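K.L.:
have a look; sequence and predicted model below, questions after that.
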Amino acid sequence: MAVEVIFEDDRWEVAGLEALVTDAETATLSYLGLDAELCEGSILACDDARIKVLNAGFREKDKATNVLSWPAEERATPGERPPLPEPDFDGSIELGDIAIAYETCVREAGEQGKSFADHVTHLLVHGLLHLLGYDHITDRDAEIMEGTEVEILATMGLKDPY
């Protein structure tokens, strides 16, 4: 996958985010039957202050959050799994962009008794699924998305995060 990881917060580099991104994207795209080599996107590795600004600007929520996603294309199909994206004219599949906040991820991992790497991996899978049209607005959509996350994480040897 041609994912550009943009490090605004150096703690993400020290934490090994690039390896976690590679593992999450490989597992997610493989599970869904997509060729990772065709997929493109970006991940902004930032801190709580930056994601708070993004969350306020895009979601009108003036607080930090763990992960935000901006799909390149609307793919959601309410109440069912979204269709797989089709390659563009050049053969690529533009997924979109993700931002992930360091302090919130550290805090949540501690509160939930999870390793930082496992928690971040789950959030990356979650963000990638958002880029692919999955959502959790309704109970049925949440059931589909969370079930898919659990199945993908299991292929990686990770426990059910819910």
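P.N.:
That came in fine, so what should we check first?
K.L.:
mind checking pLDDT for residue 3?
P.N.:
pLDDT recorded at residue 3 is 82.
K.L.:
can you give me the buried ones in the one helix or strand it maps to?
P.N.:
Per DSSP states H and E: residue 3 is located in strand 2-7. Using 16 or more other C-beta atoms under 10 Å as the test for burial, strand 2-7 gives 3, 5. In this view, the C-beta of every residue, glycine as well, is placed from N, C-alpha and C.
K.L.:
ok, and what's touching the helix or strand that that strand is followed by?
P.N.:
Per DSSP H and E, the first helix or strand lying C-terminal to strand 2-7 is helix 11-14. Outside helix 11-14, the residues that touch it by C-beta atoms under 8 Å, 6 or more residues apart in numbering are 5, 7, 45, 47, 100, 102.
K.L.:
give me the buried positions along helix 11-14.
P.N.:
residue 12.
K.L.:
could you point out where this protein is predicted with low confidence?
P.N.:
1 (pLDDT under 70).
K.L.:
quick one, helices of it?
P.N.:
11-14, 17-32, 48-59, 102-112, 116-131, 139-155 (DSSP state H).
K.L.:
how many residues are close by residue 62?
P.N.:
By other C-beta atoms under 10 Å, 10 other residues sit near residue 62.
K.L.:
spatially, what comes nearest to the residue nearest the centre of the chain if we skip its sequence neighbours?
P.N.:
Centroid-nearest residue in the chain: residue 127, 1.9 Å away (criterion: C-alpha atoms, centre = their mean). The shortest distance from residue 127 to any non-neighbouring residue, by C-beta to C-beta, 6 or more residues apart in numbering, is to residue 98 (4.1 Å).
K.L.:
bridging residues for that neighbour?
P.N.:
Taking DSSP bridges, one obtains residue 43, residue 69 as the residues bridged to residue 98.
K.L.:
related to what we said a few turns ago, can you tell me which of the helices of the chain is most buried?
P.N.:
helix 116-131 (a mean of 23; mean count of other C-beta atoms under 10 Å).
K.L.:
who touches the residue nearest to the centre of the chain in this structure?
P.N.:
43, 67, 68, 69, 98, 100.
K.L.:
mind putting those into CSV with distance to residue 12 and neighbour count?
P.N.:
Shown next, in CSV, are the contacts of residue 127 (distance: C-beta to C-beta, whole Å; neighbours: other C-beta atoms under 10 Å):
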residue, distance to residue 12, neighbour count
43, 9, 26
67, 13, 20
68, 15, 20
69, 17, 21
98, 12, 25
100, 8, 26
